[in-house]
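**Student:** What follows is a protein structure lacking sequence information:
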DNA sequence: CCCGGTCTTTGCGGAATCTTGACGATGCCC
DNA sequence: GGGCATCGTCAAGATTCCGCAAAGACCGGG
């Protein structure tokens, strides 16, 4: 088995040592960081297979670290903390953490959860430079540079507009429900604020150059939206 | 408004009720099962977006249910149990569960973990799921594209019409009772508004091109409707 | 402090969809 | 055949949903 690289972030040397040892014994290649800034740097530099992140860091708040990493990377993040407060868990999970283990934790359990995270990543060939550009017809979504272009011409989208298009482009042609879009772009508490969708769909259409006769962003009444290649009209 | 379908499996009615209520309040469409066999059947039938699975089931062991589901489906599974034993957690996670919450659990946390599971499902191509095209004779119901077609020709259905056809297509040839259709399409409080059924059945027949001599949507007087392949006429 | 970009909120016309009531047809039991 | 229950069809409101525009709120940088 090719050794997976794991980044462990914790400010307590004792825990860091214990965790590293346990992981190395299992055959993983372990890297460590003790600050939020270090976590961000190492994540970008090493592109680890998974990040184990303690929330109690001296410099940046752990949740914030999570959020920052998620801005450019989909590396699995397993949060590890002594703080068992519910709202903090929920917060961390909602900004992009994939799992949350409360200290004191059992090492076998942490390892099992780590395997789950790695399994997810395996199914999802992300991280590397390859499929960083989604294409649907003449629309290209560059995930790395957060840039959308139509026929090679760059289009300026706001962050929320980009997230909207990204989610649709990840499932070419398929219907994404209103609720799904709202939760992915705006957050879990926006369940039925469908007026946002109408406003943004309109703006996106304008920027993409959609015309009524040749549309890329289609509405499925009462259900959601889908992004299609106007050339190959399917179904 | 269509939402994600969640399957909740637990043998304790109290928990089942509480969970269902919490999830419904959040806008999910909740289905339930109380046995391992029921869980397997419903998972195959409904293709839910996520399965919440209690391990303490009367018939099949929960871990085994997990493993069986994973043989053909990648639907996210969130395991839920009173048993906090480590090895059981590890076992469940290793046979394919995506998360593991120990009772007593906090509802907000479970909801957050559910959102994580749904997020994972959304990010991954979930290749196999694209087999979500139900076929009954020459009628094809494409769940992903939210599109019904007859002999390859797309048919425009309204949301309620589509939901009507979808239910029937999920049980090819079988009779679906009026009450079931009403509750699934219109909601739990519509128990006996059978007039809707007649109106919609009529419209659907018109759009599907049903003729009196060659019908796809059959009426079972006083009971319900069923969708059949007019070629292989069965009784 | 101002300014530009972004997000949120509001409103409206028009279209699509749903609801409702009416009427006739059909089939069944007596 | 008559009475009764159920079904099919139609069409007119009533309601919801969508696209679009515009104005105010918010925020970070200069």
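**Tutor:** Ah, there it is. Quick caveat, the model's predicted, so the values are computed rather than measured. Numbers count the residues shown, from 1 in each chain, chains lettered A, B, ... in the order given.
**Student:** From now on I want contacts and neighbour counts done on CA atoms only, so please keep to that.
**Tutor:** OK.
**Student:** Please tell me how far the residue most central in space within chain A sits from residue B:194.
**Tutor:** Among the residues of chain A, the one closest to the centroid is residue A:74, at 4.3 Å (Cα atoms, centre = their mean). Computed as Cα to Cα, to the nearest Å, the residue A:74 to residue B:194 distance reads 49 Å.
**Student:** again with residue A:6
**Tutor:** For residue A:6, the distance to residue B:194 - Cα to Cα - is 59 Å.
**Student:** Please say which of the two ends up with more neighbours.
**Tutor:** Neighbour count, other Cα atoms under 10 Å in any protein chain shown: between residue A:6 and residue B:194, residue A:6 has more, with 24 against 15.
**Student:** now that one: how far from residue A:13?
**Tutor:** For residue A:6, the distance to residue A:13 equals 17 Å [Cα to Cα].
**Student:** With residue A:31 instead?
**Tutor:** Applying Cα to Cα, the value for residue A:31 to residue A:13 is 13 Å.
**Student:** And for residue A:162?
**Tutor:** Distance from residue A:162 to residue A:13, by Cα to Cα: 40 Å.
**Student:** again with residue A:107
**Tutor:** The separation that residue A:107 has from residue A:13, given Cα to Cα, amounts to 17 Å.
**Student:** Looking at the two, which is more packed in?
**Tutor:** residue A:107 (14 against 10).
**Student:** Skip the chain neighbours and tell me the closest residue to that one.
**Tutor:** Distance criterion Cα to Cα, 6 or more residues apart in numbering or on different chains; nearest residue to residue A:107, sequence neighbours excluded, is residue A:22 at 7.8 Å.
**Student:** and the one you found, how many neighbours?
**Tutor:** By other Cα under 10 Å, the residues close to residue A:22 number 15.
**Student:** ok, then the element right after the helix or strand harbouring it?
**Tutor:** Assigned by DSSP states H and E, residue A:22 belongs to helix A:13-25. Counting by DSSP H and E, the next helix or strand C-terminal to helix A:13-25 is strand A:29-33.
**Student:** Just list what that following strand packs against, helices and strands only.
**Tutor:** The contact analysis (3 or more Cα pairs under 8 Å, 6 or more residues apart in numbering or on different chains; DSSP states H and E) places strand A:29-33 against strand A:5-9, helix A:13-25.
**Student:** quick one, it and strand A:5-9 angle?
**Tutor:** Orientation of strand A:29-33 against strand A:5-9 (axes from the mean of the first three to the mean of the last three Cα atoms, to 10 degrees) gives an angle of 30 degrees.
**Student:** now strand A:29-33: how far from the chain's centre is it?
**Tutor:** Strand A:29-33 sits 22 Å away from the centroid of its parent chain (Cα atoms, centre = their mean, to the nearest Å).
**Student:** Check which element follows it along the chain.
**Tutor:** Per DSSP H and E, the first helix or strand lying C-terminal to strand A:29-33 is helix A:36-46.
**Student:** what separates that following helix from the chain centre, distance-wise?
**Tutor:** 16 Å.
**Student:** Kindly report the same for stretch A:99-118.
**Tutor:** In terms of Cα atoms, centre = their mean, the centre of stretch A:99-118 is found 20 Å from the chain centre.
**Student:** Show me the contact partners of the helix holding residue A:22.
**Tutor:** With Cα atoms under 8 Å, 6 or more residues apart in numbering or on different chains as the test, helix A:13-25 has contacts from A:8, A:9, A:10, A:29, A:30, A:32, A:107, A:111.
**Student:** for the lengthiest helix in chain A, packing partners?
**Tutor:** If you go by DSSP state H, chain A has its longest helix at helix A:107-123. On a contact count with 3+ Cα pairs under 8 Å, 6+ apart, helix A:107-123 meets strand A:50-54, strand A:77-81, helix B:86-94.
**Student:** wait, which of the ones you listed is closest to residue B:170?
**Tutor:** helix B:86-94 (29.7 Å; Cα to Cα).
**Student:** And the contacts of that closest one?
**Tutor:** Helix B:86-94 is contacted from outside by A:106, A:108, A:109, A:112, A:113, A:115, A:116, B:63, B:66, B:79, B:99, B:100, using Cα under 8 Å, 6+ apart.
**Student:** mind giving me TSV with these and columns for pLDDT and neighbour count?
**Tutor:** Output for the contacts of helix B:86-94, formatted as TSV (pLDDT from 0 to 100; neighbours: other Cα atoms under 10 Å in any protein chain shown):
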residue	pLDDT	neighbour count
A:106	86	11
A:108	91	14
A:109	91	20
A:112	93	19
A:113	94	25
A:115	93	17
A:116	93	22
B:63	91	24
B:66	93	25
B:79	94	23
B:99	95	25
B:100	93	24
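**Student:** So chain A: which segments form each domain?
**Tutor:** A:5-123, A:133-227 (automatic domain parsing).
**Student:** Between the two ends of stretch A:35-53, what distance do you get?
**Tutor:** Start-to-end, stretch A:35-53 (Cα to Cα) is 10 Å.
**Student:** Check which residues of that stretch are buried.
**Tutor:** A:35-36, A:39-40, A:42-43, A:47-53 (16 or more other Cα atoms under 10 Å in any protein chain shown).
**Student:** Is that stretch positioned near chain B?
**Tutor:** No: Stretch A:35-53 lies out of reach of chain B by Cα under 8 Å from any Cα of the partner chain, never closer than 14.9 Å.
**Student:** Who are the contact partners of the residue in chain A that chain B sits nearest to?
**Tutor:** Residue of chain A nearest chain B, by Cα to the nearest Cα: residue A:174 (4.7 Å). Shown in contact with residue A:174 (Cα under 8 Å, 6+ apart): A:168, A:226, A:227, B:144, B:145, B:146.
**Student:** could you redo the last one with a cut-off of 6 Å?
**Tutor:** Residue A:174 makes contacts with A:226, B:144, B:145, as judged by Cα atoms under 6 Å, 6 or more residues apart in numbering or on different chains.
**Student:** Same question for residue A:9.
**Tutor:** Residue A:9 neighbours (Cα under 6 Å, 6+ apart): A:32, A:33, A:34, A:53, A:54.
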